[in-house]
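Colleague: A structural model of the following input is requested.
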Amino acid sequence: MSESGVRSRPNVLPPERGRDLPFIGRLRASAADTNGSVEIIEYQGPAVPPPHVHREHDEIFYILEGRFSFVIGNATQEADKGSLVWVPRGTRHGFRIQPGSKTLLVTIPAGLEGFFDELGKGLTEGKTSDEIRATLAGKYDSIPARANE
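Modeller: Presented below is the predicted three-dimensional model:
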């Protein structure tokens with residue numbers, strides 16, 4: 001047991017572990033795998049998020065391949081292979097992906113996995129990203145944010 005009383009166990013997750021998230025990438029480590037500490041997704045799109053805010057989650061993006069264009073606050077910043085982008089909770093952010101690009105997305109603490117599941121499922125059913133996000137508003141910690149918010 002950890003100091004907080006939560007049972008922790010180390011894991012080695014093999015490469016084949018995880019599951020596909022349509023239009024997003026592959027869930028490599030779920031909340032169940034990490035006792036809710038983190039989620040890790042190999043994100044390669046093509047789904048791209050419009051600017052939004054997480055009030056309860058930080059995100060870290062480690063660019064594995066290609067280039068991403070991030071909106072952080074009201075500024076746009078480019079992130080090439082090897083870049084690390086940290087988005088603290090409460091920060092407006094979104095991104096665009098150049099074809100062939102991939103990032104590891106780490107969500108701290110875990111808790112957005114269901115959002116990505118529902119987003120991918122909705123896109124597979126032919127719904128638009130805007131339709132899905134409107135349906136999911138308030139269900140997960142992903143709040144649309146306009147400029148200067």
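Colleague: Is it correct that Gly94 falls within a helix?
Modeller: No - using DSSP: H, G, I helix; E, B strand; the rest coil, the assignment for Gly94 is strand, not a helix.
Colleague: what's the distance between the closest residue to it other than its chain neighbours and Phe70?
Modeller: Take Gly94 and drop its neighbours on the chain: the residue closest to it by C-beta to C-beta, 6 or more residues apart in numbering is Pro51, 4.0 Å away. For glycine as for every other residue, the C-beta is placed from the backbone atoms N, C-alpha and C. Separation of Pro51 from Phe70 (C-beta to C-beta, to the nearest Å) stands at 10 Å.
Colleague: Identify the contacts common to those two.
Modeller: Overlap of the contact sets of Pro51 and Phe70 (by C-beta atoms under 8 Å, 6 or more residues apart in numbering) consists of His93, Gly94.
Colleague: ok now the lengthiest helix in the chain, how far from the chain's centre?
Modeller: Longest helix in the chain by number of residues (criterion: DSSP state H): helix 113-124. Offset of helix 113-124 from its chain centre (C-alpha atoms, centre = their mean, to the nearest Å): 12 Å.
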